[in-house]
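A.B. asks: model the following, please.
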Amino acid sequence: MNASGLFASAYTDNQGKHFVGWFDQHGKLLGSVGIESRAHDLCYVPHDNLLLAFSRRPGRTMYVIDVKENKIKQQIDSGENQHFFGHGTLSSDGKLLYTTENRFDDSYQAYQGLVVVRNTNDYKVEAQFNSGGIGPHQLAMLKHQDTLVVANGGIHTHPASPRTKLNIDTMKPNLTYIDIHSGEVVEQVTPADHQLSTRHLCLSGDDTVYVGCQYQGAAHHIQPLVFSHRRGSPLEALAANEAQWRSFKQYIASLAVSNDGNTLAVTSPRGGVVGHWDRHSKTLQKIETKIDCAGIAPFKDEFIASTGNGMLATKELRMNHALHWDNHMITM
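C.D. replies: Here you go, the predicted structure:
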């Protein structure tokens with residue numbers, strides 16, 4: 001389990017107001033801060049005890065939240081004609097923040113995505129470079145290399161019509177590795193089907209990347225949705241049969257590796273299921289039913305999951321806060 005035993009997630013209450021909250025291993029809400037717009041994912045800055053909350057695409061705001069003081073310390077706007085994609089990650093020393101962002105204008109041109117680098121002192125922009133594809137979403141810092149891995153979903157959108165997918169027939173998703181010093185792409189892999197949008201990912205302790213996809217093709221097409229990747233190798237689909245993949249309804253939300261490194265868990269709010277794979281055999285161990293599940297984080301020798309109807313659940317805990325937890329949960 002993480003050292004503090006604390007977790008955090010964005011959520012929305014029954015009046016439609018948006019918050020970032022943090023809670024303990026028993027599901028007790030310890031604090032929360034109201035925010036103006038819905039957040040997607042969070043990032044914890046341990047040396048300052050801060051939570052960073054990133055606006056849901058195509059939001060343009062990042063909130064810097066002081067956990068001890070229970071207040072917003074700073075509000076950061078994206079650059080002109082840019083918006084956030086809801087995710088960020090820290091450098092290994094915690095001094096730099098990397099966020100996925102998009103450049104847009106009135107032309108509706110599909111610009112390549114951006115990775116924007118800010119310091120964690122005053123959150124000023126230090127650099128930015130191309131993400132290696134259109135529609136970058138989640139990213140992570142490899143533990144044993146000065147390298148970022150970015151899931152470029154391949155889908156072109158525009159803030160004028162934010163939920164409209166403008167290039168489904170021609171989308172080109174990929175998983176891209178970027179050298180953080182030069183900003184250069186050092187490796188890139190693509191799924192076999194160009195409509196498998198690579199959206200969310202997580203890392204294991206040995207820097208194996210697990211990526212979850214959201215399929216944009218016909219509803220009756222069954223595709224593998226979870227892949228593993230090691231640098232220098234092709235993407236490898238995790239094992240499941242057609243009926244099992246069908247239960248995920250073509251949509252993976254969050255992924256997490258257990259503290260002991262043996263299990264990968266993924267959520268599907270559309271399917272209302274959580275899938276558990278053995279990391280070593282890459283075989284599916286079980287599929288649990290959890291209605292509208294989205295967030296997942298390692299907890300002891302298992303996982304804690306959150307749902308859109310307010311549930312926090314483990315083997316031992318089922319607590320309903322009557323809140324709408326957002327797609328991601330992090331450890332603090």
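A.B. asks: C-alpha coordinates for the strand or helix carrying residue 139, PDB please?
C.D. replies: Secondary structure assignment for residue 139, by DSSP states H and E: strand 136-141. Taking C-alpha atoms only, strand 136-141 is exported to PDB below (Å, rounded to 0.1, in the frame of the first residue of the first chain):
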ATOM      1  CA  PRO A 136      -2.700  12.900 -26.700                       C
ATOM      2  CA  HIS A 137      -4.300  11.600 -23.500                       C
ATOM      3  CA  GLN A 138      -2.600   9.900 -20.500                       C
ATOM      4  CA  LEU A 139       1.200  10.000 -20.100                       C
ATOM      5  CA  ALA A 140       3.700   8.600 -17.600                       C
ATOM      6  CA  MET A 141       7.400   8.900 -16.800                       C
END
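A.B. asks: next helix or strand past that strand?
C.D. replies: Criterion used, DSSP H and E; the element after strand 136-141 is strand 147-152.
A.B. asks: name the residues that touch that following strand?
C.D. replies: Applying C-beta atoms under 8 Å, 6 or more residues apart in numbering, the external contacts of strand 147-152 come out as 89, 98, 100, 113, 115, 131-142, 173-180, 186, 198-201, 203, 209, 211. All C-beta spots, glycine's among them, are computed from the backbone N, C-alpha and C.
A.B. asks: let's see it at 6 Å
C.D. replies: By C-beta atoms under 6 Å, 6 or more residues apart in numbering, the surrounding residues in contact with strand 147-152 are 131-133, 136-141, 174-178, 180, 198-199, 201, 209, 211.
A.B. asks: for the stretch 151-300 of the chain, which segments count as strands?
C.D. replies: Using DSSP state E, counting those that start in this stretch, the strands assigned to the stretch 151-300 of the chain run over residues 174-179, 185-189, 196-203, 209-215, 226-229, 236-237, 255-257, 263-268, 273-278, 283-289, 293-299.
A.B. asks: neighbouring strands - and their directions - for the first one?
C.D. replies: Based on DSSP bridges, the strands next to strand 174-179 in the sheet, each with its direction, are strand 147-152 (antiparallel), strand 185-189 (antiparallel).
A.B. asks: ok, the longest one next?
C.D. replies: Next to strand 196-203 in the sheet, as set by DSSP bridges, lie strand 209-215 (antiparallel).
A.B. asks: now the fifth one
C.D. replies: When pairing is defined by DSSP bridges, strand 226-229 lines up against strand 209-215 (antiparallel), strand 236-237 (antiparallel).
A.B. asks: what average pLDDT does it get?
C.D. replies: What strand 226-229 shows for mean pLDDT is 98.
A.B. asks: mind checking how far it is from the chain centre?
C.D. replies: 15 Å (C-alpha atoms, centre = their mean, to the nearest Å).
A.B. asks: what's the answer for the fourth one, then?
C.D. replies: Relative to its chain's centre, strand 209-215 lies at 10 Å (C-alpha atoms, centre = their mean).
A.B. asks: next: the last one.
C.D. replies: If you compare the mean C-alpha spot of strand 293-299 with that of the full chain, they lie 11 Å apart, counting by C-alpha atoms, centre = their mean.
A.B. asks: name the strands paired with the stretch of helix or strand residue 305 belongs to and say parallel or antiparallel.
C.D. replies: Residue 305 is located in strand 302-307, with elements delineated by DSSP H and E. The pairing partners recorded for strand 302-307 under DSSP bridges are strand 293-299 (antiparallel), strand 311-313 (antiparallel).
A.B. asks: out of those, which is the most enclosed?
C.D. replies: Highest mean neighbour count of the strands paired with strand 302-307: strand 293-299, a mean of 24 (counted as mean count of other C-beta atoms under 10 Å).
A.B. asks: alright, I will stop here.
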